[in-house]
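A.B. asks: one predicted model, sequence on top.
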Amino acid sequence: MRPLRGRVTVPGDKSISHRYALIAALADGHSRIHGLAPGQDVRSTVSCLKTLGVQITFARGQGGAPESPTLEVDGRGSLTVPSEALDAGNSGTTMRLLSGVLAGQAFTSTLTGDESLSSRPMERVAAPLRLMGAGIHTTDGHAPIRIEGDALRAIDYVSPVASAQVKSAVLLAGLFADGRTSVTEPAPTRDHTERALRAFGAVVEARPGFAALEGGQRLRGAELTVPGDPSSAATWAAAAHSVRGTKAAAEAASATTSAGGTVRAVPAAPAATGARPEPASHRAAAGIAAGARRTTRARTSASPRICANGSPTTMTSTPATSR
């Protein structure tokens, strides 16, 4: 097989896309978000925000395409009473993060989802929001969720689970609380929300396993680019490691704290395959670390073993956490 050559721009990271769209809706002023992740999950977040009165549209695509991955958001710093239930589709991120936001609104709303989403646990998010003063009514611990928003009080929440979604819901609710809200986790989780909040002007204290912010902060609109999805980059890295003499780069892959095992897989392979991964460049994309990762596959007789999911078997593991 001939060596692979070239550069690949991977799709936008889904977890970051959810957060950028949601926080832009809470900000004052216009936001433009480039490189939004494709797929229905992020569209579910966008649809819910529209139902909450946010002026949000996709920019027109080039070459006759109906839309581009650029999102235009006119934030007003507030949401309006929805005229119908908010349908999160199959997106747990939409439901859990939006629960945090809705807990601090002065109206009652209902979050629903499809059959699969309605089978997933929601009490882990509902419990801390109740402690903050919101009326959260799940259906036997699942969706639909009825949320009676109220004036919230700040809490110091010690989470029993390592979940970026639980942490994010509490922090987003904390924006509407009186005082300083903090979350302590049993293990570090991805810090996309903390970084995204900073990109929109919030002051957030964060370190592995802990995050805190003051309520009442005003967010401002921003123009941001969503970094590429590391799991998509891993597919190309695995392909590069499989072919001798390869030089390839996956551009704009996110490199945030606890983003998962896929990025760590790239440095793990050289001993077994002779591949030499190099960070080609790095840049800050709205507070989210991003860069191009170049992989060179040396001419060696070693044959890398590839898992069924396309990742090298030398991948290191990290605690499973919800996004």
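C.D. replies: Great, that's in hand. From a predicted model like this one, the values you see are computed outputs, not experimental measurements.
A.B. asks: give me the neighbour count for residue 238.
C.D. replies: 22 (other Cβ atoms under 10 Å). Every C-beta, even on glycine, is put in place using the N, C-alpha and C of the backbone.
A.B. asks: helix, strand, or coil at it?
C.D. replies: helix (DSSP: H, G, I helix; E, B strand; the rest coil).
A.B. asks: now do the one 3 residues further on
C.D. replies: When states are read from three-state DSSP, the local structure at residue 241 comes out as helix.
A.B. asks: give me the pLDDT for it.
C.D. replies: In this prediction, residue 241 carries a pLDDT score of 72.
A.B. asks: next: residue 52.
C.D. replies: 98.
A.B. asks: and the helices in this structure?
C.D. replies: Taking DSSP state H as the criterion, the chain contains helices spanning 14-26, 40-51, 92-102, 123-131, 164-174, 192-199, 230-242, 261-268, 270-273.
A.B. asks: tally of neighbours for residue 128?
C.D. replies: Applying other Cβ under 10 Å, we find 24 residues neighbouring residue 128.
A.B. asks: quick revisit: so which of the helices of the chain comes closest to residue 75?
C.D. replies: Of all the helices of the chain, helix 14-26 sits nearest to residue 75, with 5.6 Å by Cβ to Cβ.
A.B. asks: pull the CA atoms of the closest one into CSV?
C.D. replies: Extracted in CSV, the C-alpha atoms of helix 14-26 (Å, rounded to 0.1, in the frame of the first residue of the first chain):
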residue,chain,number,x,y,z
LYS,A,14,-20.0,17.8,19.4
SER,A,15,-19.6,18.5,23.1
ILE,A,16,-18.1,21.9,22.5
SER,A,17,-20.7,22.7,19.9
HIS,A,18,-23.6,22.2,22.4
ARG,A,19,-21.9,24.5,24.9
TYR,A,20,-21.1,27.3,22.5
ALA,A,21,-24.6,27.4,21.1
LEU,A,22,-26.2,27.3,24.6
ILE,A,23,-23.9,29.9,26.2
ALA,A,24,-24.2,32.2,23.1
ALA,A,25,-28.0,32.2,23.6
LEU,A,26,-27.4,33.5,27.2
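A.B. asks: now distance to residue 218 too, for the helices of the chain, in JSON lines please.
C.D. replies: Below are these laid out as JSON lines (distance: least, Cβ to Cβ, whole Å):
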{"stretch": "helix 14-26", "distance to residue 218": "9"}
{"stretch": "helix 40-51", "distance to residue 218": "18"}
{"stretch": "helix 92-102", "distance to residue 218": "15"}
{"stretch": "helix 123-131", "distance to residue 218": "22"}
{"stretch": "helix 164-174", "distance to residue 218": "14"}
{"stretch": "helix 192-199", "distance to residue 218": "12"}
{"stretch": "helix 230-242", "distance to residue 218": "32"}
{"stretch": "helix 261-268", "distance to residue 218": "34"}
{"stretch": "helix 270-273", "distance to residue 218": "48"}
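A.B. asks: the ones you listed: which one's closest to residue 209?
C.D. replies: Of all these, helix 164-174 comes closest under Cβ to Cβ, at 9.7 Å.
A.B. asks: run through the neighbouring helices and strands of the closest one.
C.D. replies: helix 14-26, helix 92-102, helix 123-131, strand 180-184, helix 192-199, strand 210-214 (3 or more Cβ pairs under 8 Å, 6 or more residues apart in numbering; DSSP states H and E).
A.B. asks: relative to helix 14-26, how tilted is it?
C.D. replies: For helix 164-174 against helix 14-26, the angle by axes from the mean of the first three to the mean of the last three Cα atoms, to 10 degrees is 10 degrees.
A.B. asks: relative to strand 180-184, how tilted is helix 164-174?
C.D. replies: Going by the same axes, to 10 degrees, helix 164-174 makes 170 degrees with strand 180-184.
A.B. asks: make residue 1 into 35 and carry on from there
C.D. replies: Renumbered: residue one is now 35, and that last one reads helix 198-208.
A.B. asks: put the alpha carbons of helix 198-208 into PDB.
C.D. replies: As requested, C-alpha coordinates have been extracted for helix 198-208 and formatted as PDB (Å, rounded to 0.1, in the frame of the first residue of the first chain):
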ATOM      1  CA  ALA A 198     -19.100  16.700  33.000                       C
ATOM      2  CA  GLN A 199     -22.800  17.100  32.300                       C
ATOM      3  CA  VAL A 200     -23.700  17.200  36.000                       C
ATOM      4  CA  LYS A 201     -20.900  19.700  36.600                       C
ATOM      5  CA  SER A 202     -22.000  21.800  33.600                       C
ATOM      6  CA  ALA A 203     -25.700  21.900  34.600                       C
ATOM      7  CA  VAL A 204     -24.700  23.100  38.100                       C
ATOM      8  CA  LEU A 205     -22.300  25.700  36.800                       C
ATOM      9  CA  LEU A 206     -24.900  27.000  34.200                       C
ATOM     10  CA  ALA A 207     -27.500  27.200  37.000                       C
ATOM     11  CA  GLY A 208     -24.900  29.000  39.100                       C
END
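A.B. asks: report the angle between the axes of that helix and helix 226-233?
C.D. replies: Using the same axes, to 10 degrees: helix 198-208 against helix 226-233 is 40 degrees.
A.B. asks: got JSON lines for the helices and strands packed on helix 198-208, with distance to residue 111 too?
C.D. replies: Shown next, in JSON lines, are the helices and strands packed on helix 198-208 (distance: least, Cβ to Cβ, whole Å):
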{"stretch": "helix 48-60", "distance to residue 111": "7"}
{"stretch": "helix 126-136", "distance to residue 111": "12"}
{"stretch": "helix 157-165", "distance to residue 111": "21"}
{"stretch": "strand 214-218", "distance to residue 111": "19"}
{"stretch": "helix 226-233", "distance to residue 111": "14"}
{"stretch": "strand 244-248", "distance to residue 111": "16"}
